[in-house]
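Colleague: missing the sequence, but the structure's below:
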């Protein structure tokens, strides 16, 4: 079994955990057509996130088909992120499976976990550990896989997030990670405290809102406020779509027997 070496995370390797969130609109305004391919790829992701999904995907496919820039690792990473958001995991892997950077391997871990293939995710994690076991992305990927596997691995995931919390400024990502572990371990009161702290940092963060809904349901508390916020700010979130679909099915069933 893997043993995580505690206390080894390097401060200069932690951009994901303490940098402030950058608005997509700011990215779009700051990157012009003369920028390098990597920056243009980031701008495509920003366009996608602001709602221009069809335009962003069309441009992405055109760039990927260009032999001169199609192999750019940042462009491949952005392609993987966008197609993962589209739940087109096969298309995402077509551009990310060869890896080459820790970012691409970490994204592969996420994609395989969404496909419920923890075995393939574990292979990607092993590559990351061989490259740099103490890198932040490697530790995060380790925590994601541990949560997906569950059981005794949940405690190991919690300790990873706890390490981050002790060494670096607390962010929504770390708070949500700890909260999810707490919920898996049945500590819903602690999870709620962590999630409310995350909500104070970003009142529109979809994962914080979704986790609060689940947490409150287990605590027997009202969750309609958080669901309304999630539905208003992120109508395409999987929890909103699933709930809306279930409500529609229930209404149709009622009408059928009325």
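Modeller: That came in fine, so what should we check first? Note that this is a predicted model, so its numbers are computed, not measured.
Colleague: now do residue 32 against residue 24, distance only.
Modeller: 16 Å (Cβ to Cβ, to the nearest Å). The way it works is simple: take the backbone N, C-alpha and C, and place the C-beta from them, glycine included.
Colleague: which of these two has more neighbours?
Modeller: Neighbours were counted for residue 32 and for residue 24 using other Cβ atoms under 10 Å; residue 24 has more, 18 against 10.
Colleague: and the pLDDT for the residue most central in space within the chain?
Modeller: In the chain, the centroid-proximal residue (Cα atoms, centre = their mean) is residue 110; its distance is 7.5 Å. You'll see residue 110 listed with a pLDDT of 96.
Colleague: let me see the contact set for it.
Modeller: 84, 144 (Cβ atoms under 8 Å, 6 or more residues apart in numbering).
Colleague: tell me which element it is part of?
Modeller: helix 102-114 (DSSP states H and E).
Colleague: what is the helix or strand just after that helix packed up against?
Modeller: Reading on from helix 102-114 to the C-terminus, the next helix or strand found by DSSP H and E is helix 118-132. Applying 3 or more Cβ pairs under 8 Å, 6 or more residues apart in numbering; DSSP states H and E, one finds that helix 118-132 contacts helix 102-114, helix 136-149.
Colleague: what's next to stretch 97-107, contact-wise?
Modeller: By Cβ under 8 Å, 6+ apart, the list of residues contacting stretch 97-107 reads 73, 76-77, 80-81, 84, 92, 96, 108, 124-125, 127-128, 131-132, 135, 137-138, 140-141.
Colleague: can you check stretch 69-84 too?
Modeller: 37-38, 41-42, 44-45, 48, 56-57, 60, 63-64, 89, 91-93, 95-96, 100-101, 103-104, 107-108, 110-111, 114.
Colleague: show me how to select, in PyMOL, the buried members of those residues.
Modeller: In PyMOL, this line selects whichever of the contacts of stretch 69-84 come out buried by 16 or more other Cβ atoms under 10 Å:
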select buried, resi 41+42+44+45+48+56+57+60+63+64+89+91+92+93+95+96+103+104+107+108+110+111
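Colleague: what about the contacts of stretch 69-84, which are in helices?
Modeller: 37-38, 41-42, 44-45, 48, 56-57, 60, 63-64, 89, 91-93, 95-96, 103-104, 107-108, 110-111, 114 (DSSP state H).
Colleague: could you chop this protein up by domain?
Modeller: Using the TED database, the domain parsing of the chain gives 22-86, 165-257.
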